[in-house]
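Peer 1: Could you look at this predicted model? Sequence included:
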Amino acid sequence: MKIAIVCYPTFGGSGVVATELGIALADRGHEVHFVTYRQPVRLDLLSQRIHFHEVHVPEYPLFHYQPYELALSSKLVDTVKLFGIELLHVHYAIPHAYAGYMAKKMLEEEGIYLPMITTLHGTDITLVGKHPFYKTAVNFSINQSDVVTSVSENLKQRTLEFFDITKEIEVVPNFIDISKYENPSYTECQRSSMAKDDERIITHISNFRPVKHIPDVIHIFYKIQKEIPAKLVMVGEGPEKENAEFLCEQLGITDKVHFLGNSNEIDRILCFSDLFLLPSKAESFGLAALEAMVNRVPVISSNAGGIPEVNIHGVTGYLSDVGDVDEMASNALKILKDDETLEKFKDNAARVAKKFDILNVLPLYEAIYLKAYKTRLDATLK
Ligand code: GMT
């Protein structure tokens with residue numbers, strides 16, 4: 001099938017999922033066309049069946065806001081016509097579902113029917129999408145999609161609660177390619193570059209937005225390092241990073257915290273991590289937690305949104321109410337207290353992560369594509 005994928009190309013879960021999905025689809029013989037404003041960060045290989053089409057938004061002095069949706073919908077129409085695209089999959093509703101709908105309508109004028117699948121990822125519903133300024137258009141474009149999917153059961157329920165949805169929402173969880181971890185390309189884990197042998201390594205990876213509760217990460221670590229030798233590795237960039245660095249200074253723990261910035265090699269960091277922290281205020285799924293688990297890293301998290309569908313309390317880590325840093329720190333110490341307990345949690349994390357193997361999830365997307373493709377055939381026969 002020839003599939004166009006629209007996503008955010010930056011570091012962030014929805015873009016990562018869209019990219020990994022596109023790569024896996026191409027491996028299965030589909031022709032995949034990414035349409036976005038920059039080459040997606042995890043797409044480092046443009047193979048024969050993977051294409052990237054850049055959306056340009058030329059600056060014009062009259063515009064206070066550049067019309068990205070307009071440029072995206074135009075690019076989609078041109079790409080569909082030029083490459084004979086049969087299906088459109090947009091990741092993150094805002095503004096992708098809206099631009100996709102416009103492209104659909106323009107193509108219909110020319111007798112081309114383009115089925116559109118919209119995957120809801122999280123803040124496109126819970127934070128941004130339900131804002132009164134966007135809600136009407138988001139609601140409309142979700143309902144105009146041929147198939148709607150959400151990355152967790154919790155996000156599906158939130159969507160039904162916040163919006164007036166007339167479409168069925170299918171839950172397709174995020175995934176991980178387990179085979180990559182069975183034969184890792186990195187041979188040795190460079191733990192000694194980060195910490196001494198007797199120190200536990202705690203890691204957090206995110207885009208450092210307020211929703212991630214970055215100060216909670218620091219406070220949890222502060223409590224841990226008072227009890228046991230430990231280092232904190234902070235991976236990512238974002239608006240909260242500077243405050244986090246300042247907080248570490250205030251608490252006197254700067255020498256124990258490494259800020260690494262954005263990284264494309266998170267597996268090389270997670271391979272030497274003993275614990276992952278995700279105290280988010282909202283999280284539809286928590287892909288970062290799953291990436292930690294597949295690397296045998298237990299997770300201390302909040303119980304927000306869809307996290308409990310991934311991190312299993314008492315098995316792969318522990319869940320606490322948002323903001324309860326005392327409980328999160330004491331649960332972290334429970335896991336880290338001795339090697340035997342830590343090993344047990346590590347094994348559990350890896351075992352539960354296997355449930356989200358791409359081999360289990362890709363067929364769900366392929367079935368959805370076939371269903372959507374059928375609507376195209378039906379429309380063409382009319
Ligand atoms: O929150 C992020 O880190 C980025 C954001 C995105 O859309 O890129 O992530 C959302 O989608 C991810 C992939 O489906 C989920 O794993 C994250 O939980 C979700 N983030 C939130 O709901 C806050």
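Peer 2: Cool, the structure landed.

Peer 1: Every contact and neighbour count from this point should use C-alpha atoms.
Peer 2: Fine.

Peer 1: what separates the helix or strand where E161 lies from the chain centre, distance-wise?
Peer 2: Taking DSSP states H and E as the criterion, E161 maps to helix 153-162. In terms of Cα atoms, centre = their mean, to the nearest Å, the centre of helix 153-162 is found 17 Å from the chain centre.

Peer 1: Okay, buried residues for it please.
Peer 2: Judged by neighbour count using 16 or more other Cα atoms under 10 Å, the buried positions of helix 153-162 are E153, N154, L155, K156, R158, T159, L160.

Peer 1: Who does the residue lying closest to G22 once chain neighbours are set aside form a beta bridge with?
Peer 2: Using Cα to Cα, 6 or more residues apart in numbering and skipping the chain neighbours, the partner closest in space to G22 is V32 (6.1 Å). Taking DSSP bridges as the rule, V32 bridges to I3, I50.

Peer 1: Was I right to think V32 contacts I5?
Peer 2: Yes - at 7.1 Å, V32 and I5 qualify as touching, with contact defined as Cα atoms under 8 Å.

Peer 1: Looking at those two, which has the bigger crowd around it?
Peer 2: Using other Cα atoms under 10 Å as the criterion, V32 and I5 rank with V32 on top: 27 against 23.

Peer 1: what's the neighbour count on F246?
Peer 2: F246, neighbours per other Cα under 10 Å, totals 12.

Peer 1: Show me where the stretch 251-382 of the chain has its strands.
Peer 2: Assigned by DSSP state E, counting those that start in this stretch, the stretch 251-382 of the chain shows strands spanning 257-261, 275-278, 299-302, 317-320.

Peer 1: And the stretch 101-250 of the chain, by the same measure?
Peer 2: Using DSSP E, counting those that start in this stretch, strands in the stretch 101-250 of the chain cover 116-120, 147-150, 169-171, 200-205, 230-235.

Peer 1: would you turn these into a markdown table with mean neighbour count, distance to L319 and mean pLDDT?
Peer 2: Shown next, in a markdown table, are the strands of the stretch 101-250 of the chain (neighbours: other Cα atoms under 10 Å; distance: least, Cα to Cα, whole Å; pLDDT from 0 to 100):
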| stretch | mean neighbour count | distance to L319 | mean pLDDT |
| --- | --- | --- | --- |
| strand 116-120 | 27 | 24 | 97 |
| strand 147-150 | 24 | 22 | 97 |
| strand 169-171 | 19 | 22 | 97 |
| strand 200-205 | 25 | 16 | 98 |
| strand 230-235 | 23 | 20 | 97 |
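
Peer 1: Including distance to P40, could the ones you listed go into CSV?
Peer 2: Shown next, in CSV, are the strands of the stretch 101-250 of the chain (distance: least, Cα to Cα, whole Å):
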stretch, distance to P40
strand 116-120, 17
strand 147-150, 21
strand 169-171, 24
strand 200-205, 18
strand 230-235, 18
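
Peer 1: No further questions, thank you.
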